[in-house]
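Trainee: sequence first, predicted coordinates after that:
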Protein chains: 2
Amino acid sequence: MKSKNFDDIPLRIIPLGGLGEVGKNMMVYEYNGQMLIVDAGLMFPENDMLGIDYIIPDFEYVVNNRDKVCGVVITHGHEDHTGAVPHLMEQISAPIYATPLTRGLLEAKLSRGGLLNRVQMCTVEANEEVEIGPFKVEFFHVCHSIPDGVGLAITTPAGMVIHTGDYKFDHTPVDNWPTDYAKLAEFSRRGVLALLADSTNADRAGWTPSERVIDSAFDDVFRESPGRIIVASFASLISRMQQVANAAERYNRKLSFVGTSMVDNARIARRLGYLDIPDELLVPVDQAVKMKPRDIVLMSTGTQGEPTSIMGRLSMGTNRQFDLITGDTIVLSSHPIPGNEESVYRTINRLFRRGANVIYERLAPVHVSGHASQEEMKLLIHLVRPKYFIPIHGELRHLRQHVRIAHQLGIPEENTAVIENGMVLEFTNCEMRMGERIPGGYVFVDGSSVGEVGPSVMREREILAQDGFVLVNLTLDRQSCRLRNEPEIITRGFIHEPDAEDLLAHTRQLVAETVNCTSNGKMRSDLEQSVKSFLYTKTKRRPMVFVSISQA
Amino acid sequence: MKSKNFDDIPLRIIPLGGLGEVGKNMMVYEYNGQMLIVDAGLMFPENDMLGIDYIIPDFEYVVNNRDKVCGVVITHGHEDHTGAVPHLMEQISAPIYATPLTRGLLEAKLSRGGLLNRVQMCTVEANEEVEIGPFKVEFFHVCHSIPDGVGLAITTPAGMVIHTGDYKFDHTPVDNWPTDYAKLAEFSRRGVLALLADSTNADRAGWTPSERVIDSAFDDVFRESPGRIIVASFASLISRMQQVANAAERYNRKLSFVGTSMVDNARIARRLGYLDIPDELLVPVDQAVKMKPRDIVLMSTGTQGEPTSIMGRLSMGTNRQFDLITGDTIVLSSHPIPGNEESVYRTINRLFRRGANVIYERLAPVHVSGHASQEEMKLLIHLVRPKYFIPIHGELRHLRQHVRIAHQLGIPEENTAVIENGMVLEFTNCEMRMGERIPGGYVFVDGSSVGEVGPSVMREREILAQDGFVLVNLTLDRQSCRLRNEPEIITRGFIHEPDAEDLLAHTRQLVAETVNCTSNGKMRSDLEQSVKSFLYTKTKRRPMVFVSISQA
């Protein structure tokens, strides 16, 4: 199959997102002038990314080489693997390959962006094999917290690379479809050049519990809850919907999905056969809230403490469709995304304060991770027996821990590589080397603009958020260059003005004095400087200061 | 001891901080017109408290009744129990009672604030009994992650109340001084009216591991680290200093404390005999960084990802005294405070990126909690056998979980109370009832001002942090009311101006058009409105907009 001249063509592996930081996964495989893209996710902003809606990978490299892209493969339907797909498909044209559920969720996303008819979608199934340009891609089933996830075996003349996507080795998954061990062993027999494996839980010892443990936790909740049950989870956790539906059936409650994304995803998953819920179990929310409390379970989003989510609104008594009532039990079937802990716990406290009983991960096993832990990672490496090992999907600390595991299992250090976004690996004649780095940063999405908000704007927001600003308006007499009236001072985010009349009066006085002893040319900067240092002396705060001078 | 007319005087228990939210603990006991204050802590701001330095309890109630305060008892030397003491002592005058180490740490704090000679300090010891106004206070030793912690038995004619402070039941504490079980049992024999117990870990099953487990984790680190070891922890974790010193001695390394608070606290603790470190083990940092890497261990603060801390600066290569070198091993002997996870993990990733090996809580038991877990909480209740049970020190979710534990142990529901800051409990004739609520909120400390920054300023900072602001300066001709020159537009935190020339040009044009068709009286508000909605249409963002008009 290999011809001599093919052998010298390198396979290039280029992570554009998800390596070294959380979220927003995106990988490019490049061979003989053609590119295969795997996933294109988004990441929600960190706490200090002020005002940003979300973050997508910097895929300028792909856009600059758009003619070379022969296909986009999406491994599963979670936002951190699909969220940037609409942005990507606005800029390139290539077919998307996905399994039926992933495709269904993607189509909903693309149609919201008005992109659906521009994009060619190809359905693939686990165990299928597709030629995409020079890449032979074999799809194998993996368990994750959403059904229909796949990993990829990507073969070129340079060799076979296994790309796991997100996975766990759940022996008793909700859909009874375990990860395809046999396939992994088969790849191993055929010889695997490199394994690229999910590192999310690399600092977690042991084996991630099966999704099944949630069933008995739900049993406890359903048995003991005197009133309504409200289960909050992610809209993309399709298997959690199935578990809630099953529990509802066992305990003679009707189920109602609340919120657009939850309702939409449930509809898509039911239509495609990934969610087995009889019609008579479901009731619309307006009917549900009129039923006897102990006959109903509601399922919604809002597990991350977002103030505008259903849980956020319930915690503050501002939800439109229904309010909390005595006897309500709320189950947070989720884990706080790092950085959200504070708002999650604040929401929990508020829900308690409004009379609900709240059950969350620390109190009962109502959530398990969808990612492999250390012992599963070891099993994967032993099953696949790759020559090279490259950890993917994780912050740098996870990648480092994951290669350490590979070393423990006998993979030599020089056959592993910890790479971050924008770092390029090249495989030629079965040898790995580092290629030249390409740009690989964030792109901020804020409002309708993509990328215009960069570090300098973020830095300004940071200063404004710290201490606000002070605006001084003054009008000078054209002849005398003296103040015509008292300077006007406007502040925002600096001080509560009614409490600070003294400070403001002194500032006006300082401005007047400075005007009188400054030459016209540098008056503006002199004034800004003296107001700044005066306010710092008085308050130990450093607001932005602007002076606007007009002459009359 | 009890006389008839005494019996009708209620004992009032008034939490001013630390109940219902994290941190900043403060409790008032009030009897017969006199007040005893227990602890006065601070809390670090949450992520959405923009620009705030820290938060202290709203103790206006105490200040308004300052003549009634007969004493302040501090249970141990951690910031969340001592941080507001300087603010409190500026406003009241009453003696402070504390054990030697707590007193030493407090004196350093008060002298930094220039308050030391204004405050009367009284040293107390565990097992001592002190009359403070009408309160007989018995101090009993408790284990916590700082030595010399005490709980209190507070007796008035209304009965005896046990106030645990922060505690754990560590059978093998670093200072070999376990919590005083016998004393607790003795109180129980004498009859305890109410138990007020630490709830921090109420959602944590089992028994908190002994501090001793850290020793063997340190052994692993010290044995395997090829170069320097840098242990980061809190400056107030005196027992952790002892453990690092012991490990340094076992592995023939010298120890150097880095950073003012670490150095100061180590000095105080050594002087008072709470830290047993021979002189010859210690070297100053400037000498340490010149020694062979494998002969030294450094200990510093900066475990919470603070950018200005030593760890923060090392992670960015901006530390003045020394930089990371190849082979460095960093141990984060700490747990991220909720809300800090993101910056902690980002710092860890950066330290890895700069070549260090980083060992943190998830990878090895280099930290344990200083608070009791559920099984310890049960033991405490069984030892003390109180009539009433009131959970303290915790968010609402912890308090709820803690009373649930008390119910499981047979304390009737009506004999428990979940109260939050400002809620008053009254005990009369051994009966508990809810009193009238008093104000109990936060006070923000920002720069040198205490309390001036309230919700409205915070809200402005939030808006500024989201989308920045836009400032339009224009000069009108006095006669014609037409623009004399092109409007000036200044933005901050909104958009990167060089990339947005088009948008700014259109905005200037819009301003010019609006000026031409608006009557002078409402020009400013008209302009602000139209600029706002124009910018929203174009960018889907909502900056603050200010228009300043002058005439010439």
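Mentor: Ah, there it is. Residues are numbered from 1 along each chain as shown, chains lettered A, B, ... in the order given.
Trainee: all contacts plus neighbour counts: C-alpha atoms, from now on.
Mentor: Will do.
Trainee: A:Lys24 contacts A:Phe59, correct?
Mentor: No - counting by C-alpha atoms under 8 Å, A:Lys24 does not reach A:Phe59; the two are 11.5 Å apart.
Trainee: residue ranges with poor pLDDT in chain A?
Mentor: A:1-7, A:22-23, A:45-51, A:448-453, A:519-520 (pLDDT under 70).
Trainee: could you list the domains of it?
Mentor: A:11-206+A:369-447, A:213-359, A:455-551 (automatic domain parsing).
Trainee: show me how far the last one is from its chain's centre.
Mentor: Going by C-alpha atoms, centre = their mean, to the nearest Å, the spacing between the C-alpha centre of domain A:455-551 and its chain's C-alpha centre is 41 Å.
Trainee: ok, stretch A:80-97 next?
Mentor: Distance, centroid of stretch A:80-97 to centroid of chain: 16 Å (C-alpha atoms, centre = their mean).
Trainee: go through the domains of chain A and name the closest to B:Arg204.
Mentor: domain A:213-359 (13.3 Å; C-alpha to C-alpha).
Trainee: between the two ends of that closest one, what distance do you get?
Mentor: End-to-end distance for domain A:213-359, by C-alpha to C-alpha, to the nearest Å: 15 Å.
Trainee: give me every residue that touches A:Ser333.
Mentor: By C-alpha atoms under 8 Å, 6 or more residues apart in numbering or on different chains, the residues touching A:Ser333 are A:Val231, A:Ala232, A:Ser233, A:Thr303, A:Tyr360, A:Glu361, A:Val366, A:His367.
Trainee: and those as a markdown table, adding neighbour count and secondary structure?
Mentor: As requested, these are exported to a markdown table (neighbours: other C-alpha atoms under 10 Å in any protein chain shown; DSSP: H, G, I helix; E, B strand; the rest coil):
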| residue | neighbour count | secondary structure |
| --- | --- | --- |
| A:Val231 | 27 | strand |
| A:Ala232 | 24 | strand |
| A:Ser233 | 23 | coil |
| A:Thr303 | 27 | coil |
| A:Tyr360 | 21 | coil |
| A:Glu361 | 16 | coil |
| A:Val366 | 24 | coil |
| A:His367 | 25 | coil |
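Trainee: just list whatever residues bridge to A:Asn357.
Mentor: Going by DSSP bridges, A:Asn357 is paired in beta bridges with A:Thr329.
Trainee: what about it, neighbour count?
Mentor: 20 (other C-alpha atoms under 10 Å in any protein chain shown).
Trainee: ok, now which ones touch it?
Mentor: A:Asn357 neighbours (C-alpha under 8 Å, 6+ apart): A:Gly327, A:Asp328, A:Thr329, A:Ile330, A:Leu351.
Trainee: find the closest residue to chain B in the stretch 351-500 of chain A.
Mentor: A:Gln466 (3.6 Å; C-alpha to the nearest C-alpha).
Trainee: tabulate the domains of chain A (a markdown table), appending distance to B:Glu249.
Mentor: Shown next, in a markdown table, are these (distance: least, C-alpha to C-alpha, whole Å):
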| stretch | distance to B:Glu249 |
| --- | --- |
| domain A:11-206+A:369-447 | 29 |
| domain A:213-359 | 37 |
| domain A:455-551 | 44 |
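Trainee: now A:Asp526: how far from A:Leu314?
Mentor: On the measure of C-alpha to C-alpha, A:Asp526 and A:Leu314 end up 51 Å apart.
Trainee: do the same with A:Arg103
Mentor: 33 Å.
Trainee: and if you look at A:Ser233?
Mentor: 15 Å.
Trainee: how about A:Val547?
Mentor: 44 Å.
Trainee: of those two, give the one with the bigger neighbour count.
Mentor: A:Leu314 (23 against 20).
Trainee: ok, how many other residues are close to A:Arg353?
Mentor: 17.
Trainee: likewise for A:Leu106?
Mentor: 25.
Trainee: that one and A:His81 touch, don't they?
Mentor: No - here A:Leu106 lies out of contact with A:His81, judged by C-alpha under 8 Å, at a distance of 10.6 Å.
Trainee: Throw the contacts of A:Ser333 into TSV and include distance to B:Tyr31, thanks.
Mentor: Formatted as TSV, the contacts of A:Ser333 follow (distance: C-alpha to C-alpha, whole Å):
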residue	distance to B:Tyr31
A:Val231	46
A:Ala232	46
A:Ser233	49
A:Thr303	44
A:Tyr360	40
A:Glu361	42
A:Val366	46
A:His367	48
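Trainee: thinking again about what came up before, could you measure from the residue of the stretch 351-500 of chain A closest to chain B over to B:Asp446?
Mentor: Taken as C-alpha to C-alpha, the span from A:Gln466 to B:Asp446 is 9 Å.
Trainee: overlap of the contact sets of these two?
Mentor: B:Gly51, B:Ile52.
Trainee: more neighbours: which of these two?
Mentor: A:Gln466 (26 against 21).
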